[in-house]
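S.K.: Kindly generate the corresponding structure for this input.
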Amino acid sequence: MSADLLKGKAAVVTGGGRGIGRGHCLHLAAAGAQVVVNDLDVEEAKKVVAEIEKAGGHAIANAANIGTRAGCDELIAECVKTFSGIDIMVNNAGNFRDKSFLKMTEDEFTDVWRVHVMGTFHCAQAAARVMQERGGGGSIINTTSAAHMGNFGQTNYAAAKGAIASMTYTWAIELAKYGIRVNSISPAGTTRMSATFKAAGGVESKAPFMDPALNGPMVVFLASDEANYITGQVFGTGADRVALLEQPRYGTTMLKPGGWSLDDIRAHFKNQLGNRLEPFGLDKAPYRYYDGVRRQGSLS
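M.R.: Sure, this is the predicted structure:
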């Protein structure tokens, strides 16, 4: 029974008061997990707890600030104190400070980095230390985004999500010997943060409504013992899809014994690699700069 899939397990969800995080909390609880609903807006977290309790589940609200090391330690400690351990760590909390690259301030960059990257790092590390000490393994589920492929006005957010994907691969390697699995989801859903999306060139994009709670089932599956063979992966979730993101890898390669001189590169690059340049950016349009990267008016 799916209601017993996570029975006896304790879970923490950051940013669990609204949107995608709320959906994670509800689905985890419905599968039998005891849930710490973390959100700076504790009143929203309490509403989610009330929903869980009304359905017969167990949850508590927590307002720790995961943008600080102390807040992350406090959050994991409360889970251990209340539910006698931690088995599932879902790093979902995030913020946004969208601005084009030339206009972005250091504070706008570091505010996003502090919450997404450092919050994920500190929460995961605190949770993994408990999991390691107790010897029962566990599941860490991070949140990345297709924005890490590149997205207009989101240098800070895209960099953070790329860092989270890279941390996921690394932690999966390091923590496997403790029975701890580490995966990421790249969720789709209509939330306050999704309203900031811009397509190529900074054009506003109005996507159809997508239920943010539809990401929750994959989180439950990844947290369960049925997924004990899955680690180091990134999945696109939500809407109608569950997609496996391809891992970064080297592609077409030029080889020359003894190495490449500048003259060799100039002579062979265009025909060997230059005609295969990768499209980039969230919309993955065909590569569009073969005629040169040229200034366009006064755009910044």
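S.K.: how many other residues sit next to the nearest residue to G138 once chain neighbours are set aside?
M.R.: Nearest non-adjacent residue to G138, counting by Cβ to Cβ, 6 or more residues apart in numbering: M131, 3.8 Å away. Where C-beta positions appear, they are placed from N, C-alpha and C, glycine not excepted. Close neighbours of M131, defined as other Cβ atoms under 10 Å, add up to 23.
S.K.: Distance of M131 relative to A124?
M.R.: According to Cβ to Cβ, to the nearest Å, M131 stands 10 Å off from A124.
S.K.: how about the host helix or strand of the residue nearest to G138: buried residues?
M.R.: Applying DSSP states H and E as the criterion places M131 in helix 119-134. For helix 119-134, burial by neighbour count (16 or more other Cβ atoms under 10 Å) applies to 119-128, 130-132.
S.K.: can you redo the residues you listed as TSV with pLDDT and distance to H148?
M.R.: TSV is the format used below for the buried residues of helix 119-134 (pLDDT from 0 to 100; distance: Cβ to Cβ, whole Å):
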residue	pLDDT	distance to H148
G119	98	16
T120	98	13
F121	98	16
H122	98	20
C123	98	19
A124	98	17
Q125	98	21
A126	98	24
A127	98	23
A128	98	22
V130	98	28
M131	97	26
Q132	97	28
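S.K.: just to revisit the earlier point, what's the following helix or strand after the helix holding M131?
M.R.: Following helix 119-134 toward the C-terminus (DSSP H and E): strand 138-143.
S.K.: what does that following strand rub up against?
M.R.: Strand 138-143 has contacts (Cβ atoms under 8 Å, 6 or more residues apart in numbering) with 20, 86-92, 94, 120, 124, 127-128, 131, 161, 164, 167-168, 171, 175, 179-187, 219, 222-224, 227.
S.K.: Who are the packing partners of the helix or strand that comes right after that strand?
M.R.: Heading C-terminal from strand 138-143, the first helix or strand you meet, by DSSP H and E, is helix 155-175. Secondary-structure packing of helix 155-175 (3 or more Cβ pairs under 8 Å, 6 or more residues apart in numbering; DSSP states H and E): helix 106-113, helix 119-134, strand 138-143, strand 180-187.
S.K.: same for the first one, what does it pack against?
M.R.: What it means is helix 106-113. Helix 106-113 packs on helix 155-175, going by 3+ Cβ pairs under 8 Å, 6+ apart.
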